[in-house]
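Q: sequence unknown, structure follows:
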């Protein structure tokens, strides 16, 4: 029988701390051709393998002193795309995972958070139904 639990369907973003986010983004743009946008990160388009829908992964450096990744002390955060944030968080709670009482809902979609076993912050993102593109 197939596993019916909610699952991730793509990498929504890779976020990390940098001493000088602007300079680092400039290096990636100049030397690797990353399409860095005015907000300081890049969106890398792709298509979902299950539905063929357009999607994108965001790459973005954060200031070294950012507290956005708290309570994690890691210098990175992964963002994964999900279709049903509530079901995913409920499944993680039922499995005994450390789901944080932190969430955000807005024009970019819905966000929930869980810590991995090594204390890394994982951001779960349910894109808005009308626009399955990346958060900016």
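A: Nice, I can see it. Everything quoted here is computed from the prediction, not taken from an experiment. Residues are numbered from 1 along each chain as shown.

Q: kindly list the longest helix within this protein.
A: helix 21-32 (DSSP state H).

Q: so the residue nearest the centre of the chain versus residue 112, what's the distance?
A: Geometric centre of the chain, nearest residue: residue 79, 1.8 Å, by CA atoms, centre = their mean. Remark: distance between residue 79 and residue 112 (CB to CB, to the nearest Å) = 11 Å. For glycine as for every other residue, the C-beta is placed from the backbone atoms N, C-alpha and C.

Q: would you map the helices across the chain?
A: If DSSP H is used as the criterion, the helices of the chain fall at 21-32, 85-94.

Q: next one: the last one to chain centre, how far?
A: Relative to the mean C-alpha coordinate of its chain, helix 85-94 is positioned 17 Å out (CA atoms, centre = their mean, to the nearest Å).

Q: number the chain from 450, please
A: Yes, from this point I'll number from 450; that puts the last item at helix 534-543.

Q: low-confidence ranges, the protein, go.
A: Across the chain, the ranges flagged by pLDDT under 70 are 450-452, 579-585.

Q: quick revisit: what touches both of residue 528 and residue 561?
A: Common neighbours of residue 528 and residue 561, counting by CB atoms under 8 Å, 6 or more residues apart in numbering, are 572-573.

Q: that older thread, what are the bridge partners for the residue nearest to the centre of the chain, then?
A: residue 462, residue 572 (DSSP bridges).
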